[in-house]
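**Q** fold the following, please.
(chains A and B)
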2 protein chains.
Amino acid sequence: MTVQEMARLARDAQPALGNATAAQRNRALEEIARAVEEAAPAILAANEADVAAAADHLPGPMVARLRLNQKKLQGIVEGVRAVAQLPEVLGEEMAAWERPNGLRIRKVRVPLGVIGMIFESRPGVAVDASALCLKTGNAVLLKGGREAARSVAALGEAIATGLERADLPRDVVQVLPATREAAAELMGAVGLVDVLIPRGGAGLIQAVLSQSRVPVIETGTGVCHTYVHKAADLEMARKVVLNAKLSNPAVCNAMETLLVDREVAAAFLPRVAADLKEAGVELRCCPESLALIPDAKAAQEEDWATEYNDLILSIRVVDGLDEALSHIRRYGTRHSEAIITADEAAAARFLAEVDAAAVYHNASTRFTDGGEFGFGAEIGISTQKLHARGPMGLAELTSYKYLILGQGQVRE
Amino acid sequence: MTVQEMARLARDAQPALGNATAAQRNRALEEIARAVEEAAPAILAANEADVAAAADHLPGPMVARLRLNQKKLQGIVEGVRAVAQLPEVLGEEMAAWERPNGLRIRKVRVPLGVIGMIFESRPGVAVDASALCLKTGNAVLLKGGREAARSVAALGEAIATGLERADLPRDVVQVLPATREAAAELMGAVGLVDVLIPRGGAGLIQAVLSQSRVPVIETGTGVCHTYVHKAADLEMARKVVLNAKLSNPAVCNAMETLLVDREVAAAFLPRVAADLKEAGVELRCCPESLALIPDAKAAQEEDWATEYNDLILSIRVVDGLDEALSHIRRYGTRHSEAIITADEAAAARFLAEVDAAAVYHNASTRFTDGGEFGFGAEIGISTQKLHARGPMGLAELTSYKYLILGQGQVRE
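**A** Numbering: from 1, shown residues only, chains lettered A, B, ... in the order given. Sure thing, here's the model as predicted:
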């Protein structure tokens, strides 16, 4: 079967899901959780085969992302049950009004339709994404990485079992072949697929953005800054900076560049640099900060634009708020940016002028996350402005339609 | 200057517009209205030159769309003043909540950034679109049809004059060269242009959708149905059908296909067919309706999928709600669909199951329009589900960002 044909099956099956009751969709999630638990031996065996095939030629971190175990699998199952418990969003009346001619207009939340997920080595994404899509009435086509093909196929079987037990069509979740050709077909399935959400490294996302004819939601790249303003509480700044860099350096909301006002650089940088170095962070400094942290490296121009996702931090001394804003405008990726200051006017300007999904005053950029925002779950973090920005929860997987109720009105 | 360079200028200039006060942006609109009025002789002369050059090789309706006169120009100016009077949307707090850790999260409305408009022969689109974009803090790049180049350039000059009088950078509205190369460059300006909105015929929209790497909002194609259910008030149905076909057949929300329940076909079709024929409408019928309207034409398969935008109507007899829903699912373009019925249960099912931007009960599909919805203005009608669906007013030209206010919070 071609991807085009699979997408057509998904489109034809989706209305049964979109028009199912919330109870039925939640029951499907419970059944999927149970089916994954029951299939754990088969899933872990498939995953072992994937890991064995990958171990000799893929980098270690990728193999680590690929590897499942009983505990990881249980976490995935619990995630599905948590999504089932989230409040229903479909059918929500987002607005309603009456026109002078008596027409009543209601704006109600509906599924997007068919969602394509393109992801890499983490097999769990297949289940997480399916749970969120099913909860919101969307069919989903799963295109995972070739290295995860056996694992994703085994998880897909369990999902199909769960759907059948809940009397929903199994075509609403389909695992596509893990090939480049399948990805290309998916990216060309205009009219059958409503949106593609790539999840993975910058290379994958850029490839999808440049090739897809289906609308894409761009996720993930984060060159995030923390700006320590001259009026900062320096002890608060130190704690926030250490958290933003160290609590999980591999993720998109981790800080990559520290900006410090000249006035407080000498008071702030040597201490925080010592903490960072003790934690194993490599520091890449502008000339002025280098003078204050003599055993650091000199930053190169490309450092300011790099998402390290690692224990590396670039540091730059700036001449105040304007220079900080201009640095962020130039090098930021519109993900998450923070100012640390006790000066409310400076904070207000930073919040107003920084163009990013999440702008922080006196907090760590690490909070940009569906769970931390209270959304209960997230399918990704959008760094574009169209449709959804920042952490995407259930509402961001929906569209709306207008229902117009008349008594025979005609237009003049 | 390349389009890339122009887009960069627009991006650099946009923050000054986005951070301007509502009063300043409205003043710019007033100044633009005045500048267009003052430049009327130059604009009309440029337009005459466009029309003269087009008249010998372009079809009549296109020349009609291209042609300006004092009255049309005054309508355009009044449109700008009307946009200035609309309520402000930027800065609106769309949601706000506090997390258990004390973080306050505010979701506020912000401009999209830089919008690319690709349009055809109507020069007025340059002004309408600029007004809506400026009102919402967005810079705009205008790529009009080659046949309208002189008119759009003259209008662009007047817009620039208005911006300067209001102390806003003129780079926030730029007229691109009216060439294919410029369009291609615009469609490739990822990272500089946030969204493209094509306005024009199906050919233009499909070309932009298939070529653009910048996100696109699909507008316009409408194969709209009116379904006369067996429980319809047939006199209401007649009035609504005539309005949906006749009030403006050239537009996307006009009815293209009439579906009629078998039970009422004999009572309904001959009368309404006579009215339609009297109004000059060509009828293309399924075998069953053809038997009731003997001097009509037989519909071909492609008729069901055709947006005539003309005095042509296809007619089909259906076997009830299920067949009507299935016909609309197959041939509809997700624009506007209507059911005429006194049966509330049938209406409820139609409203729930039809997947379209606007679904009507007992009203004409012609109401799918920003003005008729009460939005005050519209930049187009989206037929996609991502970002915006249906008539797009001011809110649909915005995005949002999250402002997170802390007291030094760090993530566990």
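
**Q** quick one: residues contacting the closest residue to chain B within the stretch 1-150 of chain A.
**A** Of all residues in the stretch 1-150 of chain A, residue A:112 sits closest to chain B, at 5.2 Å by Cβ to the nearest Cβ. (Glycine included, C-beta is placed from N, CA and C.) If you count contacts by Cβ atoms under 8 Å, 6 or more residues apart in numbering or on different chains, residue A:112 has them with A:136, A:138, A:194-195, A:397-399, B:385-386.

**Q** any idea how far the helix or strand where residue A:83 lies is from the chain center?
**A** Following DSSP states H and E, the helix or strand that holds residue A:83 is helix A:70-85. When C-alpha coordinates are averaged (Cα atoms, centre = their mean, to the nearest Å), helix A:70-85 and its chain have centres 18 Å apart.

**Q** and stretch A:306-323, by the same measure?
**A** The gap between the average C-alpha position of stretch A:306-323 and the chain average comes to 23 Å, counting by Cα atoms, centre = their mean.

**Q** spit out the contact partners of residue A:253.
**A** Counting by Cβ under 8 Å, 6+ apart, residue A:253 touches A:222, A:224, A:335-336, A:358, A:365-369, A:381.

**Q** which element is residue A:388 on?
**A** Short version, using DSSP H and E: residue A:388 is in no helix or strand.

**Q** and the closest residue to chain B within the stretch 251-400 of chain A, its phi and psi?
**A** Shortest the stretch 251-400 of chain A-to-chain B distance, computed as Cβ to the nearest Cβ: residue-wise this is residue A:363, at 3.0 Å. Per-residue torsions, residue A:363: phi -160, psi 160 (degrees, to the nearest 10).

**Q** which residues touch the closest residue to it other than its chain neighbours?
**A** Counting by Cβ to Cβ, 6 or more residues apart in numbering or on different chains, residue A:363 lies nearest to residue B:406, which is 3.0 Å off, once chain neighbours are set aside. Contacts of residue B:406 were listed using Cβ under 8 Å, 6+ apart, and they are A:360-363, B:102-104.

**Q** let's see it at 6 Å
**A** Listed by Cβ atoms under 6 Å, 6 or more residues apart in numbering or on different chains, the contact partners of residue B:406 are A:362-363, B:103.

**Q** surely residue A:154 is in contact with residue A:43?
**A** Yes: under the criterion of Cβ atoms under 6 Å, residue A:154 makes contact with residue A:43 at 4.4 Å.

**Q** anything in contact with each of those two?
**A** Both residue A:154 and residue A:43 lack any common contact, where contact means Cβ under 6 Å, 6+ apart.

**Q** before we move on, the earlier item: please identify which of the contacts of residue A:253 is nearest to residue A:345.
**A** Taking Cβ to Cβ as the measure, residue A:358 is the one of those closest to residue A:345, at 21.0 Å.

**Q** thought that closest one was touching residue A:366?
**A** No: in this structure residue A:358 lies outside contact range of residue A:366 using Cβ under 6 Å: 10.4 Å.

**Q** and for these two, which residues touch both?
**A** Here residue A:358 and residue A:366 share no contacting residue, scored by Cβ under 6 Å, 6+ apart.

**Q** for chain A, longest strand please?
**A** What stands out as the longest strand in chain A, according to DSSP state E, is strand A:398-409.

**Q** re the thing from before, out of the contacts of residue A:112, which end up buried?
**A** Burial of those was assessed by neighbour count (16 or more other Cβ atoms under 10 Å in any protein chain shown); the buried members are A:136, A:138, A:194-195, A:397-399, B:385-386.

**Q** for residue B:258, see how far away the closest residue to residue A:365 other than its chain neighbours is.
**A** Beyond its immediate neighbours in the sequence, the residue positioned closest to residue A:365 (Cβ to Cβ, 6+ apart) is residue A:336, lying 3.9 Å away. Counting by Cβ to Cβ, to the nearest Å, the separation of residue A:336 from residue B:258 is 53 Å.

**Q** those two - which one has more neighbours?
**A** Comparing residue A:336 with residue B:258 by neighbour count (other Cβ atoms under 10 Å in any protein chain shown), the higher total belongs to residue A:336, at 33 against 26.

**Q** kindly state the beta-bridge partners for the more buried one.
**A** With DSSP bridges applied, the residues forming beta bridges to residue A:336 are residue A:358.

**Q** same deal with residue A:390?
**A** Under the criterion DSSP bridges, residue A:390 forms beta bridges with residue A:382.

**Q** ok, it - contacts?
**A** Residue A:390 makes contacts with A:357-358, B:402, as judged by Cβ under 6 Å, 6+ apart.

**Q** what's the offset of whatever helix or strand residue A:63 lives in from the middle of its chain?
**A** Here residue A:63, judged by DSSP H and E, is contained in helix A:60-66. Using Cα atoms, centre = their mean, the distance from the centre of helix A:60-66 to the centre of the chain it belongs to is 19 Å.

**Q** in that helix, what counts as buried?
**A** For helix A:60-66, a neighbour-count test (16+ other Cβ under 10 Å) marks A:62-63, A:65-66 as buried.

**Q** and it, what does it pack against?
**A** helix A:40-55 (3 or more Cβ pairs under 6 Å, 6 or more residues apart in numbering or on different chains; DSSP states H and E).

**Q** now do the helix it packs on against helix A:70-85, angle only.
**A** Between helix A:40-55 and helix A:70-85, the angle formed by their directions is 120 degrees, by axes from the mean of the first three to the mean of the last three Cα atoms, to 10 degrees.

**Q** how far away is the residue nearest the centre of chain A from residue A:370?
**A** To find the centre residue of chain A, average its C-alpha atoms and take the closest one (Cα atoms, centre = their mean): that gives residue A:380, at 1.7 Å. Counting by Cβ to Cβ, the separation of residue A:380 from residue A:370 is 9 Å.

**Q** again, but for residue A:3
**A** Where residue A:370 is concerned, residue A:3 sits at a distance of 29 Å (Cβ to Cβ).

**Q** between the two, which one's more packed in?
**A** The neighbour count for residue A:3 versus residue A:370, taken as other Cβ under 10 Å, is higher for residue A:3 (25 against 20).

**Q** check contacts around that one.
**A** A:176, A:182, A:185-186.

**Q** chain neighbours aside, what residue packs nearest to it?
**A** Distances taken as Cβ to Cβ, 6+ apart place residue A:185 nearest to residue A:3, at 3.6 Å, with adjacent residues excluded.

**Q** burial check on the one you found, number of neighbours?
**A** Other residues near residue A:185 number 20, with proximity taken as other Cβ under 10 Å.

**Q** what of residue A:302?
**A** One way to gauge burial is a neighbour count; for residue A:302, by other Cβ under 10 Å, it gives 8.
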